[in-house]
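Colleague: Pasting a predicted model and its sequence here:
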Amino acid sequence: MTLQTQASLLNQRQAGVLLHISSLPSAFYTGDLGVESYRFVDFLNEIGAKVWQTLPINMPHADNSPYQCLSAHAGNPDFISLESLQAQGLLTKEDCAGLITSKLDLLNQAYLNFSQQSQNLPEYKKLHQAFTRFCKKQASWLDDFSLFLALRHHFNQAGWNHWPEPYKNRDKKTLKQVQVELAHEIAVVKFTQFVFFSQWIALKAYAAEKKIALFGDIPIFVAYDSADVWAHSDLFKLNADKTVSVVAGVPPDYFSETGQRWGNPHYNWDAMQRDGFAWWISRMATQSELFDIVRIDHFRGLEAAWEIPATEDTAINGEWVLAPGDALLAAIKQALPEINLVAEDLGIITIEVDALRKKYHLPGMKILQFAFSGASDNPYLPENISENSVVYTGTHDNDTTLSWYSNLDDYQRGNLHGYIAATHSEDYAPNMPNDLIDMALETKALLAIVPMQDILQLNGHHRMNTPGTISGNWHWRFSWQQLTPQQKNSIRVAIARTGR
């Protein structure tokens, strides 16, 4: 059974849960695509949810931020299930007995076992053929990425801009030679990606059987230290020596006097337009293969982006530079007509950004934690939320609803209580986070998403990310012991009661 397609996937009233793969229960240091991911799909099915939203699943840098990755395509090897590899015969119990502690070492061992298997045996012949097909199909990014990662390892994880000039500048003779010298390392990277994609596609197929859509996320910009910038430097605004000339961020606002300086390179839109946005279309094709719905983070950057001179330490001194979002979205829709996109349009959004989103009928995002400022025109108030929206209690960047509620000032708490009282009896005592979950599910928004932390009624110690901080993020995981029968029944009843 397959999921319903473009015509109805984002045009029906439904509910979902936000939980990153890393937050799944696991015996290892991070969640993965093993049995617990299938158990989570079963949980979604049992409560009547139809959507599982994750954060970006690409391979991150050492800080584990899914929004600063080594590739716009490659999956995170940490999410590979070692138990699944054992079930395939690609790892033995002895391999996993503890002599090799690193997952990357175990993946290297899995490749050795794979390469030594007799291709005359039917089950292994089929696997070898699948690997060959994968490498051919994904060659447009996989060849560069595998070489990039092998070189990065060769140069002690240094960023590509610190490599010797022939490697940094992709000298053809040098790269041809190193492809021979690092042939094994390159093959291991390709095999690792083959395993990741295979396990992900298997999970996606299982979710589809349960009528669960996978909802992914992509950062609008890519990391400077990535295979994409190294292999396609002409598509980014770089200096002659390939250092960044301008970097991305957002200007000063209510939340930050100095703005946010993200450091990502900006796109050379003129160069991208000349080849019909081929890089973007390739990127979105990969995401469309992995997900049923894709969120574009910082969507406003497709209309205009804040460019900060790379020499500036803060985001104060920058300027808005127009981007060809209309032409880009038209090209993506033409190449991938079935793709389902959602626009992250939080913050200060201009008329032009809103018009661009509406032209392509993309749902925007509404966060109830932002709703109770007291202004009647607050776009996050329940009555101001339109059908073509994805409503959340909070996102991965927000505090948990329980913690948010406990830290509200008296004025906002009073506004919130007023909304709750309007739909309950006078003596009703507010019940957080359930009241905000109910409020989200009751809105007109066709899709309502609840973070798993709110279903579990967890406090701020379980927050996924605190924007503007560089440590202590992306580590949260849950355990099934935290989920009580009452919590499970509460969200199931709420989803059913609100016609989702």
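Modeller: Arrived safely.
Colleague: Next, the contact list for residue 154, please.
Modeller: If you count contacts by Cβ atoms under 8 Å, 6 or more residues apart in numbering, residue 154 has them with 178, 182, 185. The way it works is simple: take the backbone N, C-alpha and C, and place the C-beta from them, glycine included.
Colleague: How is the closest residue to residue 258 other than its chain neighbours assigned, secondary-structure-wise?
Modeller: Leaving aside its sequence neighbours, residue 258 sits nearest to residue 314 (Cβ to Cβ, 6 or more residues apart in numbering; 4.0 Å). Classification of residue 314 by DSSP: H, G, I helix; E, B strand; the rest coil places it in coil.
Colleague: what about residue 314, how many neighbours?
Modeller: Close neighbours of residue 314, defined as other Cβ atoms under 10 Å, add up to 16.
Colleague: That one and residue 307, how far apart?
Modeller: Between residue 314 and residue 307 the computed distance is 14 Å (Cβ to Cβ, to the nearest Å).
Colleague: For the stretch 251-400 of the chain, just list every one of the helices.
Modeller: Applying DSSP state H, counting those that start in this stretch to the stretch 251-400 of the chain gives helices spanning 269-274, 278-290, 325-335, 351-359.
Colleague: Tell me which residues touch residue 277, please.
Modeller: Residues near residue 277 by Cβ under 8 Å, 6+ apart: 327, 328, 331, 332.
Colleague: If you drop the residues flanking it in sequence, what lies closest to the third one?
Modeller: Counting by Cβ to Cβ, 6+ apart, residue 277 is the residue found nearest to residue 331 once chain neighbours are left out, at 4.5 Å.
Colleague: Could you tell me how far that neighbour is located from residue 400?
Modeller: 38 Å.
Colleague: How about residue 212?
Modeller: Separation of residue 212 from residue 400 (Cβ to Cβ): 24 Å.
Colleague: Low-confidence stretches in the stretch 51-200 of the chain?
Modeller: Applying pLDDT under 70 to the stretch 51-200 of the chain flags the ranges 98-101.
Colleague: Isn't residue 379 up against residue 366?
Modeller: Yes. With contact defined as Cβ atoms under 8 Å, residue 379 counts as touching residue 366 (7.0 Å).
Colleague: Report the angle between whatever helix or strand residue 149 lives in and helix 278-290.
Modeller: Assigned by DSSP states H and E, residue 149 belongs to helix 139-154. Put simply, helix 139-154 runs at 90 degrees to helix 278-290, going by axes from the mean of the first three to the mean of the last three Cα atoms, to 10 degrees.
Colleague: Spatially central residue for the chain, please.
Modeller: residue 56 (1.8 Å; Cα atoms, centre = their mean).
Colleague: Could you pull up the residues touching that residue?
Modeller: Here residue 56 is in contact with 66, 67, 69, 216, 217, 218, 219 (Cβ under 8 Å, 6+ apart).
Colleague: Show me those that map onto strands.
Modeller: 216, 217, 218 (DSSP state E).
Colleague: Residue 201: neighbour count?
Modeller: Counted with other Cβ under 10 Å, residue 201 comes out at 12.
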